[in-house]
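Colleague: Provide a 3D model corresponding to the input given below.
(chains A, B, C and D)
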Amino acid sequence: MTTVNIISLNKTYPNQSAPVLKDFSLSIHDGEMVAFLGPSGSGKSTLLKLITGIERPDSGDIQFDDSSILNIDPNKRGAVLMFQKSYLFPFLNVEDNIGFGLKVQGASSQIIHAEVKRMLNLIGLPGIEKRKSGQLSGGEGQRVALARALVTNPKLLLLDEPLSSLDTEVRINLQEVIRNIQRELGVTTIFVTHDLGEAMAMSDRMALLLNGEIVALDTPENLFHRPRSLAAAKFMGVSTFLSGDPLIVQKEACSSSDKVFAIRPEHIRVQKDTCDQSMPGVVSDCVFRGEYVEYLVAVDGTHVRARMSMPAPMFPHGAQVFVKFPREHLFEVQNQESA
Amino acid sequence: MKHFVTSKFRYILYLVLVAPLLLFIAYAFSTRWFFPQPFPIEWTMETFQHVFHDSQTIPSLAQGLWIASLVGLLSLILALPAARVLGLRKFRGRQLVWLLFFLPTIIPPLSVGMGLNILFLRVGLAGTIAGVVLAHIIPTLPYTIFTLSSAYARFDENYEFQALALGASPWHIFLNVTLRMMTPSLVVAALFAFLISWSQYLLTLLIGGGQVITLPILLFSAASGGNPSVIATLSLLFIAPPVLVIAVTARQLNQHGNQIREQY
Amino acid sequence: MKRIVFLFVTFALLLAACAPSAATVIQPAVATDQPATTASTLAAGEFDINNWESVLTSARGQTVNWYIWGGSDTINAFVDNFYGKALKEKYDITLNRVPVADTVDAVNQVLSEKQAGKDPGAVDLIWINGENFFTLKQADLLYKDWAQKIPNAKLVNWDNPAIKLDFGHPVDNQESPWSSAQFQFIYDSARTNADELPHSYADLKTWACEHPGRFTYVDPTGSGGFLGARFIKGALYELSGGAEQWLNFDQSLWDKNSPALGSYLNDLKLCLWRNGETYPKDESELVNLFANNEVDFSMTNDITGAGRWINDGRMPATARAFVFNQYMIGDFNYVAIPLNAPNKAAALVLANLLLEPELQAAQILPENGFGLGYAIDVTRVTDSAALSALQSAATKLGDSATPASDLAKSLVGDSAAEYQTLVEQGWSKFVLQK
Amino acid sequence: MRDKPIFSPWLSLAPALTIVILLLGASLLYAIAESVGYISAIGQHEISLSAYRETLNLNSEFWTSLIFSLWISVASTIISAAVALTLAVWLSERSRNSDTFALNWNLAFPHLVWSVAILLFLSQSGLLARWAATLGIIQMPADFPVLVRDRFGIGIILSYLGKEIPFLTITILSVLRSQSIGFDVVAENLGANRWQRVRYVTIPQVLPALLAGSLIVFGFIFSSYEVPALLGVGYPRALPVLALRFFLDPDLRARSEGMVISLIITLIVTVVAVISLKIGERKEKDEG
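Modeller: Okay, the predicted model is just below:
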């Protein structure tokens, strides 16, 4: 339906010195769902404001299907936003809430009625047309908000942390609902979240944002297994980085000093006895977490965080152990922040 | 250009809101200012001095301030326990109590004053400051109760439990925990009780019976056709305390002011 | 805690009752308890009206609550500065001037006290006349048999019917005069030529319709309505061709003459300011209209004419007073003492003080801001200093006052009080609401 | 300070409730007693409905005053509500802290003072007329439109507008500002244009508050004395002015009529307040 091109966006707020977005570019395919992951202040919400037209960029362009939308009024852009809270109009019932977008487009009441019915079936809440928004649970409210956003067949759906205020169970259920509906309708979607698991579960591609720039952009699988930069690796939960340690990487010992290897915590082994290519360390913490045990081991002046599935040994504080970084799980990352 | 127009409109709005003040100043400090002179020609402090030397002005100011302060204090004292119960407890009859406290905001001061006039004459309260204070409490009490009970509704009782657990006496808790946490609301409630009392005309007239003279009484009798300079001067005196109060409490007002505004 | 709250409430109420600033509200019970040390035959606080010394003794230290119309700042100031000071200095009496918007309020106060059985009450002295006097007298609420017994009563010409009768009702020794007044018009000599001025009610109608919207008179019905009523009664006199017949109440006389009055006023109404759909409430409002060139004539009762208003900055210095050739109603103002007055002795002393020649002389001077005429008969004053003060004051009235001869020539007394209600109701029904 | 269960709430409520019930109850009882002719002041103890007959007589001034009072209250209320709505919508789009302060500032001017200001500014020889004369727009005060002490209560209405517009504006603004993201933005995002946002979102959103506020304003204006007493004409008079006039009449029998009118005012205002309360309640229920 819609390809979205974001081209070299720059934005600095009037009384701030640091730009919120720096030369920000991104292309989103038709029907694709891209998750934006980043800490607060990384520019996620500013990007949404620029796309919906609440704010204007200092320079750059946003194009839907190769034509710029910057000069289109915010209400005509077809980029519909769904918020963390449902923001259902309290003075309207469910039907009128969902039908709002159609009504302002001038659709007839029969069409609105039929479309609302279709949307309610889609979100799995048939027959609640006449309910007041105050009578809905949090999850129901968000579903209705989703229906309200989708009823006008928007060119681009923007989800601004839509699940973050919900309980875990509802949340996981809604992840599926949203993902399924998005696929079924094939609507191009940007999904903003700070939850890594949620981003991976729902998106076709993930964009990692830091200080107004994209640090990494790839499929969840690729980003998880082989993040290419140090920053991306940190995002993905990697905390152990090794630079040219002779013990481990003797053979590949390289001339370039900025060559850094990373390893995911679940691939690091902590054991009582020494063995091939292991390093000695002292346990500073050992926590039983049910499905796995988490270790914090002081190795060579740094702390290494490791995670081993059960069954796994428990060590007392101060125990002497050996830490092994299996070679097949080491991967190389760029030491620059930008990928 | 559009911005220019809108910002200009805003200043017109502001001007309308300050205009009365400028108007009063112009009239208060001028004399022999007749139609069609657009601006005062002779400026003078005479009216001001004259009004101050009038034997009624200072006593009426003092009396008004004294009455309003007492009303503020008394409505707080009366409202605090009631507001606590209404803000924190659910009990049978709560609705009814709300309704009863709501009544004084509905029943016009005219009717209250006319009815009370006779009662107060009988019990010897008519024409006394105590009588006027008591009458003023009727319109102020609901507002203090509503303000304080909504403050209590936001108040977390666990702070009190915490203090109790730490060994504080009930009196100590009330003074040092409850009251301190409620201070902003207390201030706003007291100030508005003060203002409502300060500007009360009808109740003072009907209960005070010409013996308790406050500024609104003087202003009203002057305004029904008196010397414009005197009217303006009295108006300036009349709004001085409210202006001070508004300026000081600007921030709290945004939260609490609304429900109090109308009576005023 | 609750008990403490109750204590607080009680305490605060007590505070309210005896606060320092409550000093102006007099607790009658306390005030009358002044010890009387000298009058040997009398109990403490009592006095004998025939023994003036006992009155003075009893009054010492009292506060007298004088309910007086408070609509004029300059009159208020005069009362405080002249009577208030003299009372304090000469007799050790404190004057508490209680301003009322309308004398009716004071009358009501006394009536309400009666209703509540409150004795002593709050009112010691009332500036009163006409209808209000009649109301209290009828209700038997006035202190009796004193007005001719105060020392200065000898300066008053009690044989004069205008003093003996208040709006046709016998004064009966229940009120004492303190000032006099006569109805006059005011014009601005810078705007209007003296030779164009109307000199009768008939003239006035012609003038008004030649200058539509430039004349109005005070609403006769409200609290400040006495000037308006007086204006209308003057018209009634002229239309009926005489003033004396109206001194006694006669319903048939009214019925016979009121239609002519109604048609005169309705004809006039067409030419009035704002087409007569509204009228100034009182003299002060009319003064504002006049000074701001909304109308060409103002009205006054002051012997000083426009003098007081000019001094006060309320009228241009070119304002002048004038009268018609006849039917300009004059009368006397009185003070009366309610039967339940808490400080009767002090009230008597004040009533007597009001008639002191030097204060009488002071009250007519424009610069003192009071502007009402003498209540005493100047020829009865024997003290030569006082006499010359009175005479020189009379010459100081200046251009802004009506010449004394014109005043005297046109002077007539007010009609019986019953006509007041008829005039008000008739005007309200047949002129205002028409 | 711990409240003991069961009896405690009533003990805490007692002081305030006693005052309210005692004083209001007494004033109501006395009003009713005097309205039916039980006036102990003049020793009149017979019960009669003559004051009611007198007041409700078709020829009595009561009806004119009722219509006049209704006119000024309804006109003031509707105009205030309309202007306040416009103003609030306009201000909420370009919100500044100084706006709230400016609107609150209005609190400093009691109704009495506003009336005085209107009087000095808008009368035929008031400041505006003087400016008009200086600019040559009018020659004489009589050329200036009658805006104060006029037969139609324009001055009274203007005076109320000065106070009630800020009041209602603040009421509406506080509703509009209660959300971190305005419903306005949500609606725009869903495709509504400016007018549609006002029509379909802002107005329905503020309507309950506006309606309740307007009814309060109506009740207040309908029952208040100072403004019509100062800015009104001798005829027609507003109901409260008429009531007080009767009440203060030297002829004590007229007090009965004053009480009747006062009771009628109270009745009307109470009915309006109950409607306003109901609206408020429904609104609470809707918002869960």
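
Colleague: Is the lowest-mean-pLDDT helix or strand in chain D in proximity to chain B?
Modeller: Across the helices and strands of chain D, mean pLDDT, DSSP states H and E gives its lowest value to helix D:97-105, namely a mean of 78. Yes. Helix D:97-105 reaches chain B (C-beta under 8 Å from any C-beta of the partner chain) through D:Ser98, D:Asp99, D:Thr100, D:Phe101, D:Ala102, D:Leu103, D:Asn104, D:Trp105. In short, each C-beta sits where N, CA and C put it, glycine included.

Colleague: and that helix, C-alpha only, in CSV?
Modeller: Extracted C-alpha coordinates of helix D:97-105, given in CSV (Å, rounded to 0.1, in the frame of the first residue of the first chain):
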residue,chain,number,x,y,z
ASN,D,97,0.5,30.4,31.9
SER,D,98,-0.2,34.1,31.9
ASP,D,99,-3.7,33.4,30.5
THR,D,100,-4.7,31.5,33.6
PHE,D,101,-3.3,34.2,35.7
ALA,D,102,-5.1,36.9,33.7
LEU,D,103,-8.4,35.1,34.0
ASN,D,104,-7.9,34.5,37.7
TRP,D,105,-7.0,38.1,38.1
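
Colleague: Could I get the average pLDDT for the helix or strand just after that helix?
Modeller: Moving toward the C-terminus from helix D:97-105, the next helix or strand (DSSP states H and E) is helix D:111-122. Helix D:111-122 shows a mean pLDDT of 92.

Colleague: following helix D:111-122, which helix or strand comes up?
Modeller: helix D:127-134.

Colleague: how far off helix D:111-122 does that following helix point, in degrees?
Modeller: Angle of helix D:127-134 versus helix D:111-122, following axes from the mean of the first three to the mean of the last three C-alpha atoms, to 10 degrees, is 10 degrees.

Colleague: helices or strands up against helix D:127-134?
Modeller: Using 3 or more C-beta pairs under 8 Å, 6 or more residues apart in numbering or on different chains; DSSP states H and E, the elements in contact with helix D:127-134 are helix D:111-122.

Colleague: And the strands in the stretch 151-300 of chain C?
Modeller: C:165-166, C:169-170, C:175-182, C:184-188, C:297-300 (DSSP state E, counting those that start in this stretch).

Colleague: Distance of the closest residue to chain B within chain D relative to B:Leu203?
Modeller: In chain D, the residue that lies nearest chain B is D:Ser27 (2.7 Å; C-beta to the nearest C-beta). The gap separating D:Ser27 from B:Leu203 is 11 Å, by C-beta to C-beta, to the nearest Å.

Colleague: Which residues are in contact with each of those two?
Modeller: Here D:Ser27 and B:Leu203 have B:Val112, B:Gly113 as joint contacts, going by C-beta atoms under 8 Å, 6 or more residues apart in numbering or on different chains.

Colleague: before we move on, the earlier item: now the residues of helix D:97-105 next to chain B as a markdown table including distance to D:Ile203 and neighbour count?
Modeller: Converted to a markdown table, these look like this (distance: C-beta to C-beta, whole Å; neighbours: other C-beta atoms under 10 Å in any protein chain shown):
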| residue | distance to D:Ile203 | neighbour count |
| --- | --- | --- |
| D:Ser98 | 26 | 11 |
| D:Asp99 | 20 | 20 |
| D:Thr100 | 21 | 21 |
| D:Phe101 | 26 | 17 |
| D:Ala102 | 24 | 19 |
| D:Leu103 | 20 | 27 |
| D:Asn104 | 24 | 21 |
| D:Trp105 | 27 | 21 |
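
Colleague: Report the mean confidence score over the longest helix anywhere in chain C.
Modeller: Using DSSP state H, we find that the single longest helix of chain C is helix C:251-269. Across helix C:251-269, pLDDT averages out at 95.

Colleague: Report the buried residues of that helix.
Modeller: C:Leu253, C:Trp254, C:Asn257, C:Ser258, C:Leu261, C:Gly262, C:Tyr264, C:Leu265, C:Leu268, C:Lys269 (16 or more other C-beta atoms under 10 Å in any protein chain shown).

Colleague: between those residues, which is closest to chain A?
Modeller: Nearest to chain A among the buried residues of helix C:251-269: C:Lys269, at 55.0 Å, using C-beta to the nearest C-beta.

Colleague: picking that back up, okay if I get the strands of the stretch 151-300 of chain C as TSV plus mean pLDDT?
Modeller: Below are those laid out as TSV (pLDDT from 0 to 100):
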stretch	mean pLDDT
strand C:165-166	86
strand C:169-170	86
strand C:175-182	92
strand C:184-188	96
strand C:297-300	96
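
Colleague: So which of those is nearest C:Lys88?
Modeller: strand C:175-182 (18.6 Å; C-beta to C-beta).

Colleague: contacts for that closest one?
Modeller: Identification of contacts with strand C:175-182 by C-beta under 8 Å, 6+ apart yields C:127-129, C:133, C:142, C:146-147, C:150, C:153, C:156, C:163, C:166, C:301-303, C:323, C:328-336, C:351, C:354-355, C:363, C:370, C:372-375, C:407, C:411.

Colleague: Repeat the analysis, applying 7 Å as the threshold.
Modeller: Strand C:175-182 has contacts (C-beta atoms under 7 Å, 6 or more residues apart in numbering or on different chains) with C:128, C:133, C:147, C:150, C:156, C:163, C:166, C:301-303, C:328, C:330-336, C:351, C:354-355, C:363, C:372-375, C:407, C:411.

Colleague: Can I get that strand in PDB, CA atoms only?
Modeller: C-alpha atoms of strand C:175-182 as PDB (Å, rounded to 0.1, in the frame of the first residue of the first chain):
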ATOM      1  CA  GLU C 175     -38.600  66.000  67.500                       C
ATOM      2  CA  SER C 176     -36.300  69.000  67.400                       C
ATOM      3  CA  PRO C 177     -35.400  71.000  64.300                       C
ATOM      4  CA  TRP C 178     -31.800  71.400  63.400                       C
ATOM      5  CA  SER C 179     -31.600  72.800  59.900                       C
ATOM      6  CA  SER C 180     -33.800  74.200  57.100                       C
ATOM      7  CA  ALA C 181     -33.800  73.800  53.400                       C
ATOM      8  CA  GLN C 182     -35.600  75.100  50.400                       C
END
